[in-house]
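Visitor: Dropping a prediction and its sequence here:
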Amino acid sequence: MKIACLQMDIAFGDPKSNYGRAESLLKEAHEAGIELAVLPELWTTGYDLTRLDEIADADAAQAKAFLSYAAKKYGMHIIGGSVANDTGSGVKNTMIIVNKQGDVVHEYSKVHLFRLMNEEKFLAAGDADGLFELNGEKMAGFICYDIRFPEWFRKQVLNGARVLFVPAEWPLARVDHWRTLLTARAIENQAYVIACNRSGSDPANKFAGHSMIIGPWGEILAEAGEEEELLVGEIDFDAIDEIRKRIPVFEDRLEQFY
Ligand SMILES: O=C(O)CCC(=O)C(=O)O
């Protein structure tokens, strides 16, 4: 499966301009023969948290309509990053997964809120996991800070996920953590990790870019630089089976100890 991370810059608090940018990157991905595209975290608004009452998307309806339209138009599955989703009882940081027929397959709201960027002051935490199925394959979504919680990844992998998606707005100041944690999540879970970060800056942070496509052996198959980029890679599902046979980590787990 040919995939791409749409590593985009995000205009602060300006959904109109971000929808336009996402559409042109999706078109570019389509022209490059991409079958599945991934957008970054909070790609419609950025971290403009103090204006959420004006710019959050009621029930993520606008994002869902756009992703569904784009998925059908370009014949592509879309891991729709995440958007500020006004649920009526708090704004959640919600990932939307749409298949190439334009159906919303799953929604995942970030469970671990990141205090260093004041998320807990403005956002409500999710309470369910990001496990979903596309083309008969189990996959799971996580958002940014989630990568610091290996137990959250392991739970979805034990439930069958073999491709792990991570939309993010990860700051450049901790890019070494980003690269190391993502690689570790791939190695320990013997799974693909497809991580789409944003590029550019907002009033508080410069973001790292460095989106990554990592194979189930922990090999970095593709890595972006700091600027906007369409990062392309491929998922080979047989490679997962081969690696899990070579080192049978899942057979060797000793559940009686943990
Ligand atoms: O954990 C980190 O260092 C960054 C996390 C983050 O930026 C986020 O969750 O939005």
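Guide: It's in.
Visitor: Next one: Thr180 from the ligand, what distance?
Guide: Using Cβ to the nearest ligand atom, to the nearest Å, one gets 11 Å for the distance from Thr180 to the ligand. Yep, even glycine has a C-beta here, placed from its N, CA and C like the rest.
Visitor: do the same with Glu28
Guide: From Glu28 to the ligand the distance is 26 Å (Cβ to the nearest ligand atom).
Visitor: If you tally nearby residues, what's the number for that residue?
Guide: Look at Glu28: counted by other Cβ atoms under 10 Å, it has 15 neighbours.
Visitor: State whether it is indeed within a helix.
Guide: Yes. Assignment of Glu28 by DSSP: H, G, I helix; E, B strand; the rest coil places it within a helix.
Visitor: what's the closest non-adjacent residue to it?
Guide: Among residues not flanking Glu28 along the chain, Leu230 sits closest, at 5.7 Å (Cβ to Cβ, 6 or more residues apart in numbering).
Visitor: Kindly indicate whether that neighbour is helix, strand or coil.
Guide: strand.
Visitor: do the same with Thr183
Guide: Per three-state DSSP, Thr183 ends up helix.
Visitor: pLDDT at it, what is it?
Guide: We have a pLDDT of 98 for Thr183.
Visitor: Then Trp170?
Guide: Predicted confidence (pLDDT) for Trp170: 98.
Visitor: swap in Arg148?
Guide: The model's pLDDT for Arg148 equals 98.
Visitor: all numbers from here: first residue = 57
Guide: Okay, residue one is now 57; in that scheme the one you just asked about reads as Arg204.
Visitor: ok, now which ones touch it?
Guide: Taking Cβ atoms under 8 Å, 6 or more residues apart in numbering, we find Arg204 in contact with His168, His233, Leu237.
Visitor: Let's see the PyMOL selection covering just the buried ones among those residues.
Guide: Entered in PyMOL, the line below selects the buried ones among the contacts of Arg204, by 16 or more other Cβ atoms under 10 Å:
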select buried, resi 168+237
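Visitor: Just name the closest of the contacts of Arg204 to Arg300, please.
Guide: Leu237 (21.3 Å; Cβ to Cβ).
Visitor: tell me the contacts of the closest one?
Guide: Counting by Cβ under 8 Å, 6+ apart, Leu237 has contacts Ile203, Arg204.
Visitor: ok, longest strand in this structure?
Guide: In the chain, with assignment by DSSP state E, the single longest strand is strand 133-142.
Visitor: That one pairs with which strands, and in what direction?
Guide: Taking DSSP bridges as the criterion, strand 133-142 forms sheet pairs with strand 92-94 (parallel), strand 113-114 (parallel), strand 147-154 (antiparallel).
Visitor: Could I get the average pLDDT for that strand?
Guide: Strand 133-142 comes out at a mean pLDDT of 97.
Visitor: Stretch 243-254 now?
Guide: 98.
Visitor: Quick check: end-to-end length of it?
Guide: 24 Å (Cα to Cα, to the nearest Å).
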